[in-house]
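In: Sequence plus predicted model, see below.
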Amino acid sequence: MVTIKDIAREAGVSHATVSCVLNGKAKQLRISDVASERIRATAEQLGYQRNEIARSMVTGRNDVIGLLLPSTSREYCAKIINGVMQATAEHDYYIKVIYVGQDSSAENIAGQCIGQRVAGVICYNLDNKLNLSQLHALLTARKIPMCVAASCRSFGTGIHVTPNDELGGKLVFNHLHELGHRNFLIPFDYCESSWSGQRVDGFRRAAADAGVQINERQVISFTGKGIFSAEMLKKIFSGNNRPTAIFCLYDDMALHLMTVLLSIGIRIPEDVSITGYGNMSYGTRCVPALTTVEEQLENIGRKSVELLLGEVKGKSLNSAREEMLTLGEVKLIVRNSTRTNRVCDGQ
C-alpha cells in the first residue's frame, strides 16, 4: 500500500507537506502551486488511495452522512434515499442508514451517530418517534449538524427542508372546486402528525377563501392510519347529502377507499372523485389512475444534503441557534380519478 511517506520520498518534500496538500490545506499553509501539483501528480502516479479510516481517527470525523429512518420498505423512503445518495455522491460523501425503532431514544441514536463519527445527520419521517429537539441538542453539542427532511413538526432550531404541505392542500381544493365539487369527505388520518394537519389546514383555508364551509361532519379524524369498512362507507354515501369528492392525505388511503367503494358499487370518478397525496408509482397503475400531489421528495433529499454540508464544510453551526426552514415545491398531478361533478355539469 502506498503511504504518504512514499509520496514524500518520491516528490522530495516532507511528510507534513504531503499531508497538508492531500488534505486541502496547501493554500492555508502557503505551499506553492508548483509543489502542490508535483505532490498530487506523484500521488496519482504511485496509485495512492487515502485511508479514510485512518483519517477519521485523526480528524474525529468521516465523510459520511447519517440518514435516520424508521423503515426503508416504503416508496416514500426510497425517494428520500435516492435524493440523498445522488447529492452525497456529487460531494464525495457517503451515507450510513441508521434504523430508528419504537424503542429508540434520542440518547442511543445520538450515541450511534457520535460513535460512527458521522459528519452530519439527516432525519426522515421521525415525527412522534423521537424527541428531535433533544437529539438536535445532543448532536450539536458534539458539533454534528442535523437536518430534518420532509414533513416534520418544527422545534424552532436546526435545518428543516419540508414540502409545502399547506400549499398541497390548497391545490387539491382548488382543483376539486373548479370541477364543481362542494360536498367533501376528508379522512384525517394521523391527525396527531404535523404533515396531515398542514394538508388539511391548506384545504380548509382554500375552501374558506372560496366561501365554502368545511364542517366537522366532513372530516373524520383517526389517530394513526384510518380504516373504512364497507358498512361505514355505505352509511356515508346513503341519502342525498353524500360527498362528491374525497381528499385523502396520502396515496395508500386513496387506494384503500377506491377498492372498498368499488366493492359496494360506487364508481370512481362517475359517482365520487378521489385525490391522493404523494404521487407513488402505483397511482399510475390502478384503475382509474390517481389524481395526487407530487411532494418531490428526491429534491428534498438533495437539498437537505446541500444545506447540511454547508454547515459541515463551513465549520459553523448556525442552525444550532436558529431555524433554517426551506419549503419544497409541490405540484398537482391530475389523472382520471377526478372529474366534473355530475350535478354541476347536469349529468
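Out: In hand now; what should we look at? Note that the structure is a prediction, hence the values are computed from the model and not measured.
In: When you work out contacts or count neighbours from here on, use the C-alpha atoms and nothing else.
Out: Will do.
In: Tell me which helix or strand Met85 sits in.
Out: In this assignment (DSSP states H and E), Met85 forms part of helix 75-90.
In: Direction included, what does the next helix or strand after that helix pair against?
Out: Going down the chain from helix 75-90, the next helix or strand is strand 94-99, by DSSP H and E. The strands beside strand 94-99 in its sheet (DSSP bridges) come out as strand 64-69 (parallel).
In: Would you mind writing the CA trace of the partner strand as PDB?
Out: What follows is strand 64-69, C-alpha atoms only, in PDB (Å, rounded to 0.1, in the frame of the first residue of the first chain):
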ATOM      1  CA  VAL A  64     -20.300  10.200   6.000                       C
ATOM      2  CA  ILE A  65     -23.800  11.500   6.500                       C
ATOM      3  CA  GLY A  66     -26.000   9.600   8.900                       C
ATOM      4  CA  LEU A  67     -29.500   9.000   7.500                       C
ATOM      5  CA  LEU A  68     -32.100   8.200  10.300                       C
ATOM      6  CA  LEU A  69     -35.100   6.200   9.100                       C
END
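In: Just want the angle from it to helix 75-90.
Out: 180 degrees (axes from the mean of the first three to the mean of the last three CA atoms, to 10 degrees).
In: Run the chain-centre distance for strand 64-69.
Out: Distance of strand 64-69 from its chain centroid, counting by CA atoms, centre = their mean, to the nearest Å, is 13 Å.
In: For Phe237, see how far away Ala35 is.
Out: Ala35 sits 79 Å away from Phe237, taking CA to CA, to the nearest Å as the criterion.
In: same deal with Tyr282?
Out: 26 Å.
In: same thing with Val161?
Out: Using CA to CA, Val161 is found at 39 Å from Phe237.
In: again, but for Thr284
Out: On the measure of CA to CA, Thr284 and Phe237 end up 26 Å apart.
In: Glu10 now?
Out: Separation of Glu10 from Phe237 (CA to CA) stands at 83 Å.
In: which of those two has more neighbours?
Out: Neighbours per residue (other CA atoms under 10 Å) separate Glu10 from Phe237, with Phe237 holding more: 17 against 14.
In: So the more buried one sits against Ile246, correct?
Out: No. Using CA atoms under 8 Å, Phe237 is not in contact with Ile246; the gap is 11.6 Å.
In: So for Arg74, what's the pLDDT?
Out: The per-residue pLDDT reported for Arg74 equals 86.
In: So the nearest residue to Ser104 once chain neighbours are set aside, which state does it fall into?
Out: Of all residues not flanking Ser104 in the chain, Leu130 sits nearest, at 7.3 Å (CA to CA, 6 or more residues apart in numbering). At Leu130, secondary structure determined by DSSP: H, G, I helix; E, B strand; the rest coil is coil.
In: outside of stretch 247-257, which residues touch it?
Out: Stretch 247-257 is contacted from outside by 172, 184-189, 196, 199-200, 226, 228, 274-280, 283, 292, using CA atoms under 8 Å, 6 or more residues apart in numbering.
In: and the helix or strand encompassing Ile122, how far from the chain's centre?
Out: Here Ile122, judged by DSSP H and E, is contained in strand 120-124. Centroid separation for strand 120-124 versus its chain: 10 Å, with CA atoms, centre = their mean.
In: Also compute the angle for it relative to helix 75-90, please.
Out: Using the same axes, to 10 degrees: strand 120-124 against helix 75-90 is 160 degrees.
In: Quick one: list the elements packing against strand 120-124.
Out: strand 64-69, strand 146-149, helix 297-314 (3 or more CA pairs under 8 Å, 6 or more residues apart in numbering; DSSP states H and E).
In: Deepest in the core, which of the ones you listed is it.
Out: Highest mean neighbour count of the helices and strands packed on strand 120-124: strand 146-149, a mean of 27 (counted as mean count of other CA atoms under 10 Å).
In: Following that one in sequence, what is the next regular element?
Out: strand 158-163.
In: for this protein, what helix or strand is lowest in average pLDDT?
Out: When each helix and strand of the chain is scored by mean pLDDT, DSSP states H and E, helix 52-59 comes last, with a mean of 49.
In: Break this structure into its domains for me.
Out: Domain ranges of the chain: 4-50, 61-163+297-328, 165-295, per automatic domain parsing.
In: Tell me which of these lies nearest to Thr340.
Out: In terms of CA to CA, the element of the domains of the chain nearest to Thr340 is domain 165-295, at 4.4 Å.
In: what's the distance between the closest one and the middle of its chain?
Out: Distance, centroid of domain 165-295 to centroid of chain: 22 Å (CA atoms, centre = their mean).
In: Thank you, goodbye.
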